[in-house]
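Novice: coords please:
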Amino acid sequence: MSRIVFEDEYVIVVPTFKEVVPHKHAFYHIFFLGDTSKCDEITVAGSGMLHTMASPDECRLFLMIDPTSDLADYLKDNLITEDHPMRFKLSVPLTIEKDDDISLSRSVEDCLEENGFRVQRSSGEDVEDYRVVRLVKEIREYKHLDDKIEKIAAEYNISESRLSHAFKESVGISLKGYLTIAQLKYAYKLVAEGRSKTFAALEAGFASPAHLAYICKKQMGISITDVFK
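Specialist: The predicted structure follows:
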């Protein structure tokens, strides 16, 4: 079964699966490539970029990165210059931790920082609209996953069109798209905790388990069942 570690701004996946069909979604990716003990190269894919899992025979782990995070901004501003995944050499390799999730997260973050990546926790200070800052925070806490945008806008005392425009303008992704990736992240989190896919689907705001299965395969390139085999 794949190992998955959930952080606020990214998810670490240590895959046991090898085959992923080409797909695209709003997450950014960093694929760490190397042998079983360390990774000295990465492949980076941007939000909305068609890709598959980089080099399955050498991909030891990868990050699914929140598009509103500082790390995503760093990738967009410094590494992503083409419309396809790009490969880079790491000056400081990642040593893979085999123990607890905290150690693995610390190793990944230390590696990124040692290689000059900006990984600090986003404060939202660069977003002008305080409502968007608040909404991003709430969605990261898995709120609003079952809400229509119309309902969220009413709660924020703003029109649906204005909220959608302000969100896209501030963070570079549609509100609907951001809600979808939050739903996927929460569904994966619940299944990783041992919950059934039916429970995960409904709790994450999907219409049915079939709807979750469809969105997972479409946006992630692999069924949720195959991820947790």
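Novice: neighbouring contacts of the longest helix along the chain?
Specialist: Taking DSSP state H as the criterion, the chain has its longest helix at helix 175-192. Residues from elsewhere that reach helix 175-192 (C-beta atoms under 8 Å, 6 or more residues apart in numbering): 4, 6, 11, 25-27, 64, 66-68, 135-136, 139-140, 142, 144-145, 149, 152, 163-164, 167-168, 171, 197, 199-201, 203-206, 212, 215-216, 219-220, 224, 227-228. Quick note: C-beta positions are derived from backbone N, CA and C, even for glycine.
Novice: ok, now with 6 Å
Specialist: Contact partners of helix 175-192, identified using C-beta atoms under 6 Å, 6 or more residues apart in numbering, comprise 4, 6, 26, 139, 142, 145, 149, 164, 167, 200, 203-205, 212, 228.
Novice: count the neighbours of the closest residue to residue 112 other than its chain neighbours for me.
Specialist: In space, and not counting its chain neighbours, residue 112 is closest to residue 119: 5.0 Å by C-beta to C-beta, 6 or more residues apart in numbering. By other C-beta atoms under 10 Å, 16 other residues sit near residue 119.
Novice: run through the residues that contact residue 119.
Specialist: If a contact means C-beta under 6 Å, 6+ apart, then residue 119 has 71, 109, 112, 113 as its contacts.
Novice: okay if I get those residues as CSV plus neighbour count and distance to residue 20?
Specialist: Putting the contacts of residue 119 into CSV (neighbours: other C-beta atoms under 10 Å; distance: C-beta to C-beta, whole Å) gives the following:
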residue, neighbour count, distance to residue 20
71, 23, 22
109, 17, 25
112, 22, 23
113, 13, 28
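Novice: phi and psi next, for the nearest residue to residue 31 once chain neighbours are set aside.
Specialist: Setting aside the residues directly before and after it, residue 31 is nearest to residue 54 in space (C-beta to C-beta, 6+ apart), at 3.8 Å. In terms of degrees, to the nearest 10, the main-chain angles of residue 54 are phi -70, psi 130.
Novice: hmm, back to that, which ones among the contacts of helix 175-192 map onto helices?
Specialist: Cross-referencing those against helices under DSSP H gives 139, 149, 164, 167, 200, 203, 212.
Novice: which non-adjacent residue is nearest the last one?
Specialist: Spelled out, that is residue 212. That would be residue 201: by C-beta to C-beta, 6+ apart, it lies 3.8 Å from residue 212.
Novice: next one: residue 225
Specialist: Using C-beta to C-beta, 6+ apart, the nearest residue to residue 225 is residue 197, at 7.3 Å.
Novice: tally up the residues packed near the one you found, please.
Specialist: So residue 197, with other C-beta under 10 Å, has 19 neighbours.
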